[in-house]
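In: Quick one: sequence and predicted model below, then my questions.
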Amino acid sequence: MTTPGQNAPDGAWQFGDRMGQDMAGMTQSAVIDMMTAAARADLVKAVTGFNQSRGKLQSSAADLTDGQNALRGRLDLLQGITAHGTSVMSKNWAVDVLNTWKTLPFDTQVGPATRVGVTSDALVLKGGGLWRVDVHAAVSGYTIGLGSRINPVTHFLEFYNMYREIKPAYMIEIRDAAGELLSARSFDATPEPFYTEYAPPGNGLTGPYTTNYQTTFVIDRPDDTTADPDAWVYVRLLLRVEPSPSGFLNDTLATIHGGTRMCGLTAVRWSVDTDHLAHAPTVPDGGEL
């Protein structure tokens, strides 16, 4: 660089200083390493934060303290109720697979039940008629992403973590013993949006987000099918978690909460005086309203 008749800019190489001598003998790769050191350090830090989010706790015990547990054998309290049963998840579970419906393991009966059984992941309905299913569910978590930008001060490329909300959705699914779908309802549970960088957001932003859903449907079966497993109907709750857009690489850290306070799957039969089961997963467009 030349500056005839003027002072040299700050930081410019000049005759008589040692800057050029200190650089002498450096290889091209060494110069590249020096020039990209800050960006690489930011990248390593950001990737480390990203990978740490992958070390998820697969499951943990959930709180199952509920007064209903003491009534589990009290079928006398269900006199006049033709069918009823409730289950909860006995553990909290990390949700690892994105954009895929995962069956939630509602595996523990709560309170008395009649003509309703509990498996490792479903309520079993043992009779026909008009049924209602109620769901209580809570999920917490956030999306972690890896972003890049030019630092406005140093003008170097820097990498960083960004954190945003997750996009959970639930589906109540009813299938017969052969696995044929009888009915299904899906529900979105997207929380309020948020955005932050460098540190995971606090609990106030990540949840848990508690939601409640219900659906009614008709089962074309005899009144009591307790002795006929081929006629049983299975009710399951499924969860799907999608990440919010966060940089060029993103993942979610999500937990579905178990326990008697944070979840519940209940089936109650309202009537046996019903018929005409109809399942229509898709319908034609009706035009404008």
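Out: That came through, no problem. Residues are numbered from 1 along each chain as shown.

In: Show me where the stretch 151-289 of the chain dips below the pLDDT cut-off.
Out: The model of the stretch 151-289 of the chain has pLDDT under 70 over residues 198-205, 248, 272-281, 283.

In: Which residues does Ala267 form beta bridges with?
Out: For Ala267, the beta-bridge partners are Gly85, Val133 (DSSP bridges).

In: Identify the residues contacting it.
Out: Residues in contact with Ala267 (CB atoms under 8 Å, 6 or more residues apart in numbering) are Ala83, His84, Gly85, Thr86, Val116, Leu123, Leu125, Trp131, Arg132, Val133, Val235. Heads up, the C-betas are built off the backbone N, CA and C, glycines and all.

In: so how far is Val135 from it?
Out: 10 Å (CB to CB, to the nearest Å).

In: ok, now Leu239?
Out: Noted for Leu239: a distance of 11 Å to Val135, by CB to CB.

In: what is in contact with these two at once?
Out: Shared contacts of Leu239 and Val135 (CB under 8 Å, 6+ apart): Tyr170.

In: what number of residues lie near Phe106?
Out: If you count neighbours by other CB atoms under 10 Å, Phe106 ends up with 28.

In: give me phi/psi at it?
Out: When read as degrees, to the nearest 10, the backbone of Phe106 gives phi -80, psi 100.

In: and Arg149, how many neighbours?
Out: 10.

In: quick one: contacts for it?
Out: Leu157, Glu158, Tyr160.

In: Of those, which belong to strands?
Out: Among the contacts of Arg149, the ones falling in strands (DSSP state E) are Leu157, Glu158, Tyr160.

In: Filter those down to the buried ones.
Out: Glu158, Tyr160 (16 or more other CB atoms under 10 Å).

In: Export the ones in strands among the contacts of Arg149 as a markdown table, with columns for distance to Leu253.
Out: Conversion of the ones in strands among the contacts of Arg149 to a markdown table gives the following (distance: CB to CB, whole Å):
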| residue | distance to Leu253 |
| --- | --- |
| Leu157 | 26 |
| Glu158 | 23 |
| Tyr160 | 17 |
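
In: what's the closest of the ones in strands among the contacts of Arg149 to Tyr213?
Out: Tyr160 (37.1 Å; CB to CB).

In: confidence score at Arg72?
Out: With respect to pLDDT, Arg72 scores 56.
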